[in-house]
Each structure stands twice: as C-alpha cells, then as structure tokens.
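*Asks:* mind folding the following:
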Amino acid sequence: PAARRRAGTRGARAGPRRRRGKKTPRRYASRARDVEALEARDLRRFSPHKFRDEWTVFWARVDALWDATYGEVQALRRWDRPRASGAAFAACLTIARLDALAWLPCLLALGAAAGLVAEGR
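*Replies:* Numbering: from 1, shown residues only. Take a look at the predicted model:
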C-alpha cells in the first residue's frame with residue numbers, strides 16, 4: 001500500500017481529493033465572513049490617487065466624444081449641411097414608420113461606418 005501511495009494511486013477507501021488553494025466564488029458567496037474579508041481586502045487596495053488619474057483619463061475620452069457628437073447633432077439640427085440633415089430626417093421617419101427602434105443600435109453602427117467611409121478614413 002505504501003508503494004502505491006508513493007506512485008500516485010489512491011486506495012479504494014480514500015475519498016475524493018479536496019482542492020486546496022484558491023476558493024471558488026461559490027464558496028465565497030456562501031459564507032458571509034469570506035465576503036466581508038474580500039470587501040475589506042478591496043478597500044485596502046483602493047488608492048485615491050490612482051482612481052483620480054483613471055477618472056481624469058476616462059473623462060478626457062468621454063468629453064472628446066461628447067463634443068464631437070454634440071457638434072454634429074447641432075449641425076444637423078441647424079441644417080448646416082442640407083443633404084446630411086435631410087438624410088437624418090428621412091432615417092428618423094423611416095425608423096418611426098417601420099417601428100424599428102429595436103434595430104437602432106445596429107443602424108447607428110452602420111451609419112457610423114458609412115460616415116467613416118464617406119470621410120475617407
């Protein structure tokens with residue numbers, strides 16, 4: 001029996017092996033003290049300086065996107081480019097007429113792709 005144990009095989013009476021090491025999320029969720037320990041560990045690792053830096057980068061990206069989108073929407077609304085405004089108006093009427101609001105994300109992605117192609121990027 002000792003030779004068999006050394007070789008890596010287990011005897012008939014040996015039960016299933018227990019996993020050691022990292023606990024699974026299911027085990028963490030089932031015990032309140034483990035959840036509290038995870039939250040405390042996350043709070044200890046939180047760095048206000050790093051958060052501020054990441055927040056600044058995030059808003060720099062969002063602000064640039066917002067400015068570009070807002071400017072384009074205002075140009076369409078003022079009819080600065082009559083063809084583009086007419087196409088946007090016709091698209092809105094078509095979406096309303098066909099009740100295609102569920103298709104809107106896909107249609108917006110296609111419109112963005114067509115805009116990039118039209119600009120020559």
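*Asks:* got the confidence number for the residue most central in space within the chain?
*Replies:* Centroid-nearest residue in the chain: residue 58, 13.6 Å away (criterion: Cα atoms, centre = their mean). pLDDT, residue 58: 90.
*Asks:* heading C-terminal from the biggest helix by length in the chain, find the next helix or strand.
*Replies:* Longest helix in the chain by number of residues (criterion: DSSP state H): helix 48-77. Per DSSP states H and E, the first helix or strand lying C-terminal to helix 48-77 is helix 82-98.
*Asks:* between helix 48-77 and that next one, find me the angle.
*Replies:* 100 degrees (axes from the mean of the first three to the mean of the last three Cα atoms, to 10 degrees).
*Asks:* need the contact partners of helix 82-98.
*Replies:* By Cβ atoms under 8 Å, 6 or more residues apart in numbering, the surrounding residues in contact with helix 82-98 are 75, 76, 77, 79, 100, 101, 103, 104, 107, 111. Backbone N, C-alpha and C define where each C-beta goes, glycine included.
*Asks:* export the residues you listed to a markdown table and tack on pLDDT?
*Replies:* Below are the contacts of helix 82-98 laid out as a markdown table (pLDDT from 0 to 100):
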| residue | pLDDT |
| --- | --- |
| 75 | 91 |
| 76 | 90 |
| 77 | 92 |
| 79 | 93 |
| 100 | 85 |
| 101 | 87 |
| 103 | 87 |
| 104 | 86 |
| 107 | 83 |
| 111 | 85 |
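*Asks:* how near is the residue nearest to the centre of the chain to residue 106?
*Replies:* Remark: distance between residue 58 and residue 106 (Cβ to Cβ, to the nearest Å) = 26 Å.
*Asks:* follow-up on the earlier one: residues contacting the residue nearest to the centre of the chain?
*Replies:* Counting by Cβ under 8 Å, 6+ apart, residue 58 has no contacts.
*Asks:* on that earlier part again, farthest-separated two in the contacts of helix 82-98?
*Replies:* 79 and 103 (25.8 Å; Cβ to Cβ).
*Asks:* just to revisit the earlier point, could I get the buried residue list for the longest helix of the chain?
*Replies:* residue 76 (16 or more other Cβ atoms under 10 Å).
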